[in-house]
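*Asks:* here is a sequence with its predicted model. Questions after.
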Amino acid sequence: MLGQQVFDGNITLTEQDFNPEMPDAGVACRLYIKGDKFVLQWNQSGTAYYKTLDLGGTVGTWTHGTAAP
C-alpha cells in the first residue's frame, strides 16, 4: 500500500507472543505489542533494530538495540 493513510479514531494493537519477520530494509517498520512492551522494529541493511517502551512500569524510557524483546 503506497501513500498517506489518515485514521480518524483509534488503532488497537493486540499482543503477540512472537516477533514478526523483519520488514524490507530502509522502506518500512513494524509496530507491535509483545508482553508488556510496545515495539518499533526496522531493518537497516539487513540488521533488525528494536526500540521498546515498557508499558508495565512507571518510567517512560525507550530502549534501543538489536536483540528482540
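*Replies:* Perfect, I can see it now. Numbering: from 1, shown residues only.
*Asks:* residue closest to the middle of this structure?
*Replies:* The C-alpha lying nearest the average C-alpha coordinate of the chain belongs to Leu40 (CA atoms, centre = their mean; 2.2 Å).
*Asks:* how about it: which residues does it bridge to?
*Replies:* Beta-bridge pairing for Leu40 (DSSP bridges): Leu31, Lys51.
*Asks:* OK, contacts around it?
*Replies:* Listed by CB atoms under 8 Å, 6 or more residues apart in numbering, the contact partners of Leu40 are 29-31, 50-52. In this view, the C-beta of every residue, glycine as well, is placed from N, C-alpha and C.
*Asks:* one more time with 7 Å
*Replies:* Contact analysis of Leu40 by CB atoms under 7 Å, 6 or more residues apart in numbering lists 29, 31, 51.
*Asks:* same question, Ala28
*Replies:* By CB under 7 Å, 6+ apart, the contact list for Ala28 is empty.
*Asks:* can the contacts of Leu40 go into CSV with extra columns for pLDDT?
*Replies:* Shown next, in CSV, are these (pLDDT from 0 to 100):
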residue, pLDDT
Cys29, 91
Leu31, 94
Lys51, 96
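*Asks:* and the residue located most distally from the centre of the chain, what are its phi and psi?
*Replies:* Farthest-out residue of the chain from its mean C-alpha position, per CA atoms, centre = their mean: Asp8, at 21.1 Å. The phi/psi pair for Asp8 (degrees, to the nearest 10) reads phi -120, psi 110.
*Asks:* so what pLDDT did it get?
*Replies:* On pLDDT, Asp8 comes in at 88.
*Asks:* so how far is Thr58 from it?
*Replies:* Relative to Thr58, Asp8 is positioned 31 Å away (CB to CB, to the nearest Å).
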